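Chemist: Provided below are the primary sequence and the corresponding predicted coordinates.
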Number of protein chains: 2
Amino acid sequence: MPTRSDAPRERILAAASDLFGRQGYSPTTIAQIEQAAGLSPGAGGLYRHFGSKRDLLEQVLTRQLDEGPDLGAFLSSAGDSGSYRDQLLAVARAALRRLEHERDLNRLLVRDLSAAPELLALVRDRELRTVHRGLTRWLEQHRPGGRLPAAEVATVLMGALSHYWILADVFGGEHPFGVSEEEFLGTLAEMAAAAP
Amino acid sequence: MPTRSDAPRERILAAASDLFGRQGYSPTTIAQIEQAAGLSPGAGGLYRHFGSKRDLLEQVLTRQLDEGPDLGAFLSSAGDSGSYRDQLLAVARAALRRLEHERDLNRLLVRDLSAAPELLALVRDRELRTVHRGLTRWLEQHRPGGRLPAAEVATVLMGALSHYWILADVFGGEHPFGVSEEEFLGTLAEMAAAAP
DNA sequence: CGAGTCTATAAGTAAGCACTTACTTACGGG
DNA sequence: CCCGTAAGTAAGTGCTTACTTATAGACTCG
């Protein structure tokens, strides 16, 4: 939560990130952001810190990309002990946490970035491909056997996890298929562990 | 393509579905829809057929839900011959085609429906759960063995397929991981076939 | 104290928005 | 042939939007 004592620039960024994430870019008004940041709504105080609404979106995005916790942290959270299945389970669980942690970024990606190719490329290079490459290498190093190509397996795993999170997020936290997180994660780990 | 000779109501629905899908609900203006439907933009001719912009969204959505091809069609496209892996491959390929066929509906779901609980529930009950239940039953009937719960396996498969499609769609057709559709589908089928 | 800078606001502006009203045209049935 | 209805448009209404300008308080450093 941004408090009035924080730097105003930071308060505005946090408020904008939250509102863009919850309502989307277009329906969110400058006045709403100002109010949420503790400025008087509609007075235009936001423009002391950002050149335009579009500029603000850009900064919200790059801030999330910069602050994103390092990939190693969440991959190493699996530990090196336990069965391959259990390590996969830990990684998958950490991935869901990361998706939630970068919630606003993920929402913006699927909702509002289609018409902004440069921002799209930014997220692709600094988030999506980074995670995908990290998971691919993790698979190459940790799985026994390994006939299937690691990059494709990583795509399947990331897809299943991301889509589970997206659907739960869109539906307010409750996944529409009635499949609990634990059941889902367990089955996903089982399937990946059984893959040749 | 809607032509001027079509019923005006149908032309407007098609134009709105396309524009809502491409740009999102909020940034799309009534004038744009009128122009795309062959009416004079900004003249308000759209309101001869729909009560409000929100009403139009509702009708676009229910039309897509009504016109959605029956589930049996795409599940039975797998045929009953060939290895389980090959049947899975055929179903997965058909699923990607279905996602593309219901493109605008899928885009609206993740983009613009968060703030419309009734429409969200409509899509959940008439599309998402229907497909999930259909795939679950298909798995129960076709796969050999089957220790893992079918509903969870179906969630994993639908998630991987949907997310692959969403990412490719957001990035203009080119999946950001550089994983081709064939490689992806092959690996997915392999993994699901190997699952116990 | 006092000059300069940062921060905020009051009060706008011009454009864009969903939507309305009043009027015209086309057409099919009695 | 006229009347009712459907379809379309010109011209607006009132509101909201992103963004601007002018002004004033507060803080830092001399």
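Modeler: Received, thanks. Model, not experiment: these values are computed from the prediction.
Chemist: is the particular helix or strand that has A:Arg107 in it anywhere near DNA strand D?
Modeler: Using DSSP states H and E, the element containing A:Arg107 is helix A:103-112. No - under the criterion of C-beta under 7 Å from any atom of the strand, DNA strand D is not reached by helix A:103-112; the shortest gap measures 12.6 Å. Using the backbone N, CA and C atoms, a C-beta is placed for each residue, glycine as well.
Chemist: hey, which helix or strand in chain A has the poorest pLDDT?
Modeler: Ranked by mean pLDDT, DSSP states H and E, the helix or strand of chain A with the weakest confidence is helix A:71-76, at a mean of 80.
Chemist: for whatever helix or strand comes next after it, which positions count as buried?
Modeler: Using DSSP H and E, the next helix or strand after helix A:71-76 towards the C-terminus is helix A:84-101. Taking 16 or more other C-beta atoms under 10 Å in any protein chain shown as the basis for neighbour counts, the residues of helix A:84-101 that come out buried are A:87-96, A:98-99.
Chemist: next one: stretch A:160-178
Modeler: A:160-171, A:175-177.
Chemist: just curious, which of those is nearest to A:Ser26?
Modeler: When the buried residues of stretch A:160-178 are compared for distance to A:Ser26 (C-beta to C-beta), A:Val170 wins out at 17.3 Å.
Chemist: residues contacting that closest one?
Modeler: Counting by C-beta atoms under 8 Å, 6 or more residues apart in numbering or on different chains, A:Val170 touches B:109-110, B:113-114, B:120.
Chemist: where do the helices of chain A begin and end?
Modeler: A:8-23, A:30-36, A:53-67, A:71-76, A:84-101, A:103-112, A:117-123, A:129-142, A:150-170, A:181-194 (DSSP state H).
Chemist: format these as JSON lines; extra columns: distance to DNA strand C.
Modeler: Listed next are the helices of chain A as JSON lines, based on distance: least, C-beta to the nearest atom of the strand, whole Å:
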{"stretch": "helix A:8-23", "distance to DNA strand C": "3"}
{"stretch": "helix A:30-36", "distance to DNA strand C": "7"}
{"stretch": "helix A:53-67", "distance to DNA strand C": "13"}
{"stretch": "helix A:71-76", "distance to DNA strand C": "32"}
{"stretch": "helix A:84-101", "distance to DNA strand C": "28"}
{"stretch": "helix A:103-112", "distance to DNA strand C": "16"}
{"stretch": "helix A:117-123", "distance to DNA strand C": "21"}
{"stretch": "helix A:129-142", "distance to DNA strand C": "33"}
{"stretch": "helix A:150-170", "distance to DNA strand C": "23"}
{"stretch": "helix A:181-194", "distance to DNA strand C": "38"}
